[in-house]
Every structure is written in structure tokens, then in C-alpha cells.
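K.L.:
the sequence isn't on hand, but the structure is:
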């Protein structure tokens, strides 16, 4: 919306938005330089940082984890314990650290089945469980005819893994060189989000139009669900001012998860601190 | 504008017409309603059957295309399992499949990772069409990780054949496609191992064409959904591959759609109402198809199926209205024509009433009630004419009789002496008499005459009965009296002869009460006889009035040779005599009260000094007062004589 409403232009920025294909992670773009700013899960970004990739968080958009495990209510998985020895679908393009860590944390042995781009394997009952974004795939199930009472959901936040997700990241170097622009970018982006929050229907229309223009399957019902849930997760609900702050406690949590998941971290990992990682651009 | 001025709402034709119309219209409405309801149901049933048939038809056509296609990868799979292909000849197999099956766009055999170590991780021979050429290649790379694609992953994990969700294939000119995958296995020392997936890509354009061409009535249509409810074909093209029945259910807030989608996913078919907000009432029949994981639905509007019924109704209605109008005119015309004679008969009746008995009645040709009426009128006319003629004749006869009666009256009256005083040269007697008959002629009589110089005979009588018979008898009596008195001079003698003459040949048995007196005017000696008549009254010059003593005797004419006793009396000077018939004593008023003999005596007493004329006039007045206008039922006759003995010398004592 910031792009649509010309906020970037107003800020003197010429912004190009790219969408990586399903099999690639945005981080690859950052790594190979095809993008200056990327949107990443906190845990993904921290993991990269721990592995010596010098990126920094300039704005934290998501405030809560939106990842859920979903199983059929009439299937074999009714509780967390039932995860044991099951096939769990997990998204290929990243976003897998938290769920994997959670499963390991509870001493469950599972077979992770990589999922590329659809929930159909789950619908066809080829797997028992699947990780999904509450704001996206979960609704796809509903729009494929599955009623909520026919599903069991296990939300990461309910099991102590409520780690915020999307945030904006740049290379450390970029941050140092283009602070002002980045700040302008974050401000404009935030403004765009606020506009979307206040002009829900218009935003939906614009998104649908863009999708249709790119011949991407688009339906209003799903977009409405997505936008409203994302706004929620990003903290736009209610009258509270949205903050782009990364909370230190969330940073710590993410760090712990990663440490637990990774047994071989390089030495430099110890030097990662909250301050070195989080470079807020907006004074809040 | 008064309706009644234009059409006579009281006329036969109007009344018949309104009643006939009422019944006919009611019948029509009833029949039409029944027919309409029945036909509506029939049509609805027929449309339903039609829709189901149509869906079955389309489903059949689709299955006809898809089911044979399923055989191909199944064959490939089976053949691979039998080890009949070597990996280098696989491409040829795929190319052949394409050559032989124009509807198949692409075919592949995608092997599981590292199945052929020498080929590496990926091994996927693939043949496809490009314009008119068949091109073959090998797919599989880091950019094309087919293991994770639905068409591979799903049959691989579920170990069952799988029709994929339809998709747009950019390589295939953005055509709508679906892929059918069949897993195959290898038998190794470790047992059965998954080898990979054999696939064909099917272009769904023909399916879109078949379904899009479907029209039911005006706006009915069909559409196809994928397993996940996605619209594969739809009259609204913007929905294709964008909206599913479930997303539309959310968009339009129509829970019905979600129900239908889920019902289809359960594998159910159903025919039901399809009523969405702000849309006309519609029906839907939906059914899962046998291949492709697809479902089909046909939708058609409720009211359009009745379009021809409504048209039919309009035609019928027009016909009915036309028919009714025709009926209208015909009935009016017919009834008027039938009733025309009635009007003519009425007109003729008026003429007859005015006196034209010969007014001609109209001819009636029909043999119906109107003819009956006409004949009755003719009869009445004739009878009336005859009656009137009869009446006229009778009236003429009656008038003749009346005029004859008047003549008879005159004759009768002339029989009675009516000039007074009768004997001016005889001052000894003052006499007055009066006869008033009830009818033109009557049976009362009086008479007086001189038998000789000194004998004065007078008589009063009353014949039985009234009218002409009594008057004839009275005439006979009077005539006989005169002729007998000519020869016989004594009262009893006269009476006897008179009686015998009357009694002889008296077949009618009439009689006459009679009083006869002979007065010797020189001596004042009165000799008298009575035959059943009211006793006359003596009015002495001094003293009270009294009835003459006499014997009654029987009336004349009844018994021959009856001896009537004679009596005598001496009149003194100033005595008076009053005789009357029972018309006086029995004069009655409206209360049927009789005048009475006492009244006679009273009046006579009151006027005893009067001249006979005054006396009789007074009696008249008294009688008139008594009857006070009541009709006279009997003849009234009075005779009064005053004797003036001392007037021999000529001076009458009493002046009239």
C-alpha cells in the first residue's frame, strides 16, 4: 500500500518489490544482493546471523507467532504426544526452525515431509499433520470445504514458542551506508500499513486487482481473512499505535530456540547481542 | 351516463346473459386453475428430470473422455512394473502416447529420487506438444524439484492414483490442465519399493467447451468444480480458477453454497432449491463425476420453465375472452329473437285493452312456451271479444227491458186513480192516496170509485212478491175489482168473486192481501171486508185512534169459495180513515229497525185534525225520518179518507 499510495515516492525513494518463488527463501536475495531489504522471520534471520551472515533488524513487524500445526479431528493426532512417529508437512522455503525446535523440545520423533506450495497433500491425507500460517494456509483449508471443528490446531504460542516472525532486515553495511533512506523506507512502509488498516476494503480491491493482473488465483474471501489476521498479528488491531520494536525478550527466546536446535554454532555466535542485532530506525 | 339507458339490465337477455356468464366464467376459472396447477407440477417435474438427464449426459461425455485417459498412465505403470521398459526407451513410449491421443498434452514418467544412480537425483522423461510438434525432454533440477510437486508428492505419499487440482500451464499456452498420476513400484531384494509416478497432462478446454455450451431455458447453466471446490468452468469467467464454491459462500454470505460444496465432497448427488439472496428462485442438481475428482452442477431458474405455460395461458385467456364475447353476443341475439314475440304480444295486449279486439297477435313459429302464451292470448282475445259482444247485447236487452218497465210503470200508475181531489163534487169525502213502489213496477195497489150515487168503494191491497209478477197480478186484481164491482155491490160478495177469479188458474200461487170498504156517503155507514191485509186505522173526530176491528181472513187468490165476513162501522162527521200497506209499518232503517204500527198510530194521533193530504205527507215525513236514507225495500201505499157528514150542503169542514 505504501507503494500504491506513493508514500515511497513522497519520501524520495524508488522502491521495487520482488517476490521470490516458493522454492527460494528471501534471505537468498539478500545474500546474493538482488534485494537490499528483505522480510524475514526473526528466527530465520537470527539463525543466519549466528552463521556469520551480518544482517540487522531495522523494524519488527510481526508481534506474535502465527505458526500452527494442523491435523484432522477424526485422525490419529489429537494431542501433542500423538505427533510421535507421524509424517508432518513443513514448508520448504524456510520458516521451519520454530516448529522443529518445538517438536524436538518435546522429545517427539517425526518424519518431516517438505511441502512446496499447497495444502493438498494434507487435504488428501497423505500426511497426518502440517505446519501452517494461521493467516494463510489455515484459511485455505476452510476455503476447500473443511470446517474448523473438523481440525485440531496446535499453536506454537500455546506451547511456549511464541516467537514473532516477520521483520525487515538489511545487511549491516547497507544499514551503515543508507540509514536515512532506510528510515524513510520504514516510515513510509509503516504509513502504508496504517493506511491499509484504516482502508480495509480499498486495500483488498487493490490487492485483488494486482493478483488478477499477474494471473494469480485470487479470491476475495481469502484475501480478507489474510489481511485482517496479518493486521492482527502485526499489532494493528485496536487503537494502539503500532510499534516496530523488537522486544529483547523475544530476541532471547529466539536465541534459545536456535541454540537448542543447533548443536554446532560457530564461536562468533556468542558475540551476538540484542544491540548488535537490532538496529531500530524509528524513535519510539 | 346511466348504464341502464344503454343496456336494459332488467331485460331477459341481460339477466340470462349475466347468469350464463357467471357460470361460464366460474367454470373457466376453475378449469383453468386446475389445469394450471396440474400442468405447473408436470412441468416442474419434467424440468427436474430434464436437468438430471442433462447432467447425466454431460457427466457421461466428460467421463467418456477422462476415463479412457486414466488407462494410459495405468498401462505405463503396469508395464514399468513388469520391467518391460528400459529407461532409455521411455521417451519413445511417452511420444507414442501423445501421438495416439490428441487430447493429451503431455506425458511423463517421474522417478523417485536416485532410482537410477547413473541418472542422478532426478530422472523424469517428459513429452509434450508444442504447436503441432511433439517435443521430448528430461525434467528435474534444483529449479524444478518435482518430488515436492502435488502431482508427484500426493500419489507418492498416498500410494494411490491422483487427478490433480486443475491449473493453468504457462508452458501449454496458459491452457487449463489437470494431471493424472499413477504410482508404480519396483520389486527389489528389499521388497516392494516405490519407483515413481507415471503421468499424463490433460487439456481441459474440451471440457470447458462442453459445459459452457449448456443452456437450460433462458438463463440456466452448468458449471464444474474441482475437488477443492474451485470453479473450473462457469458462465462468469472471472470466477474460473479464482473463486471456489466455498469462497463465494463467504463472499456472498450464502451458507447454502458451502453446504452444497461439502455435500459434493462427500460424494453425494442431490436436487434441491437454489435460492440465493437478491436472485430469482432457482433449482440446482449437482453430482460428483466419475473421473478427474470433478463435480458437475446444473442450475436453472424456476420461472423460465413456465415461460411456455404462461404463453399458453395467455393464449387460452385470449381465446376464453374472445369466446365469452362471442357467447355474449350470441346469447343476447338469440334471447332477443326468442323474446321478440313477447314484446309484440305485450303491444297487442295494450291495443286490445284499448278496445281493439281485433288487433292481430304476432305469429309464433316455435313450438315452445311463447307459442303457448300467444295461443292463450289469442283465446283470451276471442273470448274477450265474445264476452264484450255478449255484454253489449245483454246491456242492450237490459236497457230494452228497463225501458219497457218504465212504460209498464206508467201503465200501472195510470191504473191507479191519481187525480186529487177525485170527487170535487162530493164534499162529504176528502181523500188522498199515495203509492210509492220500491221498483219500477210493484205489487201494491189502491183503488176507489163510486159504485153508485151514494156508495163509494175503496180498496187497498198488497200482492205477494215484488216487481213485474206482482204488478201483473196487481193489474189483474184491479181490473177484476172494477169489473166485479160493476155487478156486485156488497163488499163480501165482491171479495168472494174476486177471490175465486184470482184463485182460479193461479199456478204461481200468488196472492194479494186486500181490504175493501164501501162507504155510504149519505149515512156514513161503512161496510168492509179484509183479506189478510194490515188493519186500517180509524181516527175518530174525538177520541183515540185505533185499529179497525175485523177478522183477518186469508189473502185473495189462495182458496176458492172462501167466505169473507163482512163488517160495518158508522162514520161520524170528522172521522177519518187511514189504510196502509206493510211497506209503511215495515219501513226499516239501516239498523233494520221497523217503523212499526205504534209509530203509525202516533203520527195519526198527532195529525188527526189534518186533511188527508197533510196526514199522508206527515206520515211520509215520519217514514223518511225513520229510514233516514236506507233503501226502500217494499212498496209504500197509503190511503186516507176524511168523512164530512155535515157537509151535505156543500161546505167542506176541513180545508186541505
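P.N.:
Thanks, I have the structure now. Because the structure is a prediction, the values reported are computed rather than measured. Numbering: from 1, shown residues only, chains lettered A, B, ... in the order given.
K.L.:
domains in chain A, by residue range?
P.N.:
Chain A resolves into domains spanning A:7-64+A:164-211+A:241-277, A:67-159 when parsed by automatic domain parsing.
K.L.:
what's the first-to-last distance across the longest one?
P.N.:
Right, domain A:7-64+A:164-211+A:241-277. Using Cα to Cα, to the nearest Å, one end of domain A:7-64+A:164-211+A:241-277 lies 27 Å from the other.
K.L.:
off-centre distance for that domain?
P.N.:
Counting by Cα atoms, centre = their mean, to the nearest Å, domain A:7-64+A:164-211+A:241-277 is centred 10 Å from the centre of its parent chain.
K.L.:
next: stretch B:210-222.
P.N.:
For stretch B:210-222, the distance to the chain centre is 57 Å (Cα atoms, centre = their mean).
K.L.:
what sits up against it?
P.N.:
By Cβ atoms under 8 Å, 6 or more residues apart in numbering or on different chains, the list of residues contacting stretch B:210-222 from outside reads B:47, B:50-51, B:54-55, B:58, B:61-62, B:223-224, B:233, B:235, B:296-301, B:304-305, B:307. All C-beta atoms are positioned from the backbone trio N, CA, C, and that covers glycine.
K.L.:
same check, this time on stretch A:18-36
P.N.:
A:38-40, A:44-45, A:48, A:53, A:55, A:92-94, A:116-117, A:169-171, A:174, A:178, B:142-143, B:145, B:148.
K.L.:
could you give the mean pLDDT of it?
P.N.:
Throughout stretch A:18-36, pLDDT has a mean value of 75.
K.L.:
ok, stretch A:107-120 next?
P.N.:
Averaged over stretch A:107-120, pLDDT sits at 89.
K.L.:
please apply the same query to stretch B:291-303.
P.N.:
89.
K.L.:
give the buried residues for that stretch.
P.N.:
Neighbour-count burial for stretch B:291-303 flags B:291, B:292, B:293, B:294, B:295, B:296, B:297, B:298, B:299, B:300, B:301, B:302 (criterion: 16 or more other Cβ atoms under 10 Å in any protein chain shown).
K.L.:
in strands only, show me those.
P.N.:
B:295, B:296, B:297, B:298, B:299, B:300, B:301 (DSSP state E).
K.L.:
wait, the first one sits on residue B:230?
P.N.:
Yep, that's residue B:295 we're talking about. No. Residue B:295 is beyond contact range of residue B:230, at 10.5 Å (criterion: Cβ atoms under 8 Å).
K.L.:
next, residue 45: phi, psi?
P.N.:
Let's take chain A. Torsion angles at residue A:45 (phi, psi; degrees, to the nearest 10) stand at phi -60, psi -40.
K.L.:
chain B, not that one
P.N.:
Dihedral pair for residue B:45: phi -60, psi -50, per degrees, to the nearest 10.
K.L.:
cool, and residue B:128?
P.N.:
Main-chain torsions, residue B:128, degrees, to the nearest 10: phi -150, psi 170.
K.L.:
what do you get for residue A:62?
P.N.:
According to degrees, to the nearest 10, residue A:62 has phi -80, psi 140.
K.L.:
quick one on the thing from earlier: now, of the contacts of stretch B:210-222, which are buried?
P.N.:
B:47, B:50-51, B:54-55, B:58, B:62, B:223-224, B:233, B:235, B:296-301, B:304-305.
K.L.:
show me what the lengthiest helix in chain A is packed against.
P.N.:
If you go by DSSP state H, chain A has its longest helix at helix A:179-198. In this structure, helix A:179-198 makes packing contacts with helix A:7-10, strand A:55-60, strand A:166-171, helix A:220-233, judged by 3 or more Cβ pairs under 8 Å, 6 or more residues apart in numbering or on different chains; DSSP states H and E.
K.L.:
which other residues reach that helix?
P.N.:
Residues outside helix A:179-198 that contact it (Cβ under 8 Å, 6+ apart) are A:1-5, A:7-8, A:10-13, A:15, A:37, A:58-59, A:61, A:168, A:170, A:174-175, A:203, A:227, A:231, A:234, A:236, A:242, A:244, A:281-282.
K.L.:
and stretch B:358-377, by the same measure?
P.N.:
B:338-339, B:341-342, B:344-345, B:348-349, B:351-352, B:378, B:381, B:385.
K.L.:
now check the helix or strand encompassing residue B:256, is it near chain A?
P.N.:
In the assignment (DSSP states H and E), residue B:256 maps to helix B:255-265. Yes. Interface with chain A: helix B:255-265 contributes B:258, B:261, B:262, B:265 (Cβ under 8 Å from any Cβ of the partner chain).
K.L.:
and that helix, how far from the chain's centre?
P.N.:
Here helix B:255-265 is found 62 Å from its chain centre; the criterion is Cα atoms, centre = their mean.
K.L.:
give me the sheet partners of the very next helix or strand once past it and which way each runs.
P.N.:
Sequence order places strand B:270-273 as the next helix or strand after helix B:255-265, per DSSP H and E. Strand B:270-273 has these partner strands in its sheet, going by DSSP bridges: strand B:282-288 (antiparallel).
K.L.:
what comes up buried for the partner strand?
P.N.:
B:282, B:283, B:284, B:285, B:286, B:287, B:288.
K.L.:
over to stretch B:81-94?
P.N.:
B:90, B:91, B:93, B:94.
K.L.:
ok, now how distant is the residue lying farthest from the centre of chain A from chain B?
P.N.:
The C-alpha centroid of chain A is most remote from residue A:74, which lies 29.2 Å away (Cα atoms, centre = their mean). Separation of residue A:74 from chain B (Cβ to the nearest Cβ, to the nearest Å) stands at 13 Å.
K.L.:
secondary structure element for that residue, which one?
P.N.:
Per DSSP H and E, there is no helix or strand for residue A:74.
K.L.:
excluding its backbone neighbours, what's nearest it?
P.N.:
Using Cβ to Cβ, 6 or more residues apart in numbering or on different chains and skipping the chain neighbours, the partner closest in space to residue A:74 is residue A:150 (7.1 Å).
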